[in-house]
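In: the sequence isn't on hand, but the structure is:
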């Protein structure tokens, strides 16, 4: 019974990690494409990234265009995260897969904002667009990175508590059980989901995996909440831990469809 519960938690969380990311990623990619079209920039749509002609950093592209395109994704991602958080807090989650979907949605959204501004300027060529657009000096980048890590850490704490609150009949009275549950419901799904999405990207963009790397600040923080018992004012909630076949089919179909649509680059 205990093993089956943990297995279901892993499957539910992993598929919702992938599905929530794909929804946010699709929204962000379409947003970039539409903005680029407004400025007569040609785009090629890949699973992991959008190629532009002329290149965003070329001399023929104005600073206004760079700002509009570069700031669109983190700004909208922040709004999506806030919407997901409001939905989660205002609703009673009776199904594990739905709870995981919203928790991962919130995590991906906040990470796309704070990870981009705080940590991305230190990672790779694509992320240096942010540095170029904002003209950030090294001390400012360090301050932003520190603040972003702290905020992501606090988001992770709340995510860990929310996850532990929805363990149903699974006992979390010992630290061993709490850490085991957080391992199969957050830590392993983060690793498995990230590797699956990176594999789907086909190595087209080295920067694609950075968003999963910066998410580590959230996941590790959430995992560490298992060291202490759940706060008394947070009541454990009953929920249906069964694997949703419909959600599983949607996740597999959307992942495969997204990959097949963009695998060769879709000119728009």
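Out: Everything's here; your move. Fair warning: this is a prediction, and the values are worked out from it, not measured in the lab.

In: where does the stretch 101-250 of the chain dip in pLDDT?
Out: The stretch 101-250 of the chain contains residues with pLDDT under 70 at 120-136, 202-207, 233, 236.

In: recalculate using a threshold of 80.
Out: Residue ranges of the stretch 101-250 of the chain with pLDDT under 80: 116-138, 140-141, 168-171, 201-210, 231-240.

In: where along it do the helices fall?
Out: Ranges of helices in the stretch 101-250 of the chain, per DSSP state H, counting those that start in this stretch, are 124-134, 138-165, 175-182, 188-201, 210-214, 216-224, 245-262.

In: which residues sit in contact with the residue nearest the centre of the chain?
Out: Most central in the chain under C-alpha atoms, centre = their mean is residue 108, positioned 2.2 Å from the mean C-alpha point. Residues near residue 108 by C-beta atoms under 8 Å, 6 or more residues apart in numbering: 20, 21, 24, 77, 81, 211, 215. C-beta coordinates here come from the backbone N, C-alpha and C atoms, glycine included.

In: pipe these into JSON lines and attach secondary structure per row.
Out: Shown next, in JSON lines, are the contacts of residue 108 (DSSP: H, G, I helix; E, B strand; the rest coil):
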{"residue": "20", "secondary structure": "helix"}
{"residue": "21", "secondary structure": "helix"}
{"residue": "24", "secondary structure": "helix"}
{"residue": "77", "secondary structure": "helix"}
{"residue": "81", "secondary structure": "helix"}
{"residue": "211", "secondary structure": "helix"}
{"residue": "215", "secondary structure": "coil"}
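
In: out of those residues, which one sits closest to residue 262?
Out: residue 21 (14.8 Å; C-beta to C-beta).

In: thanks a lot, catch you later.
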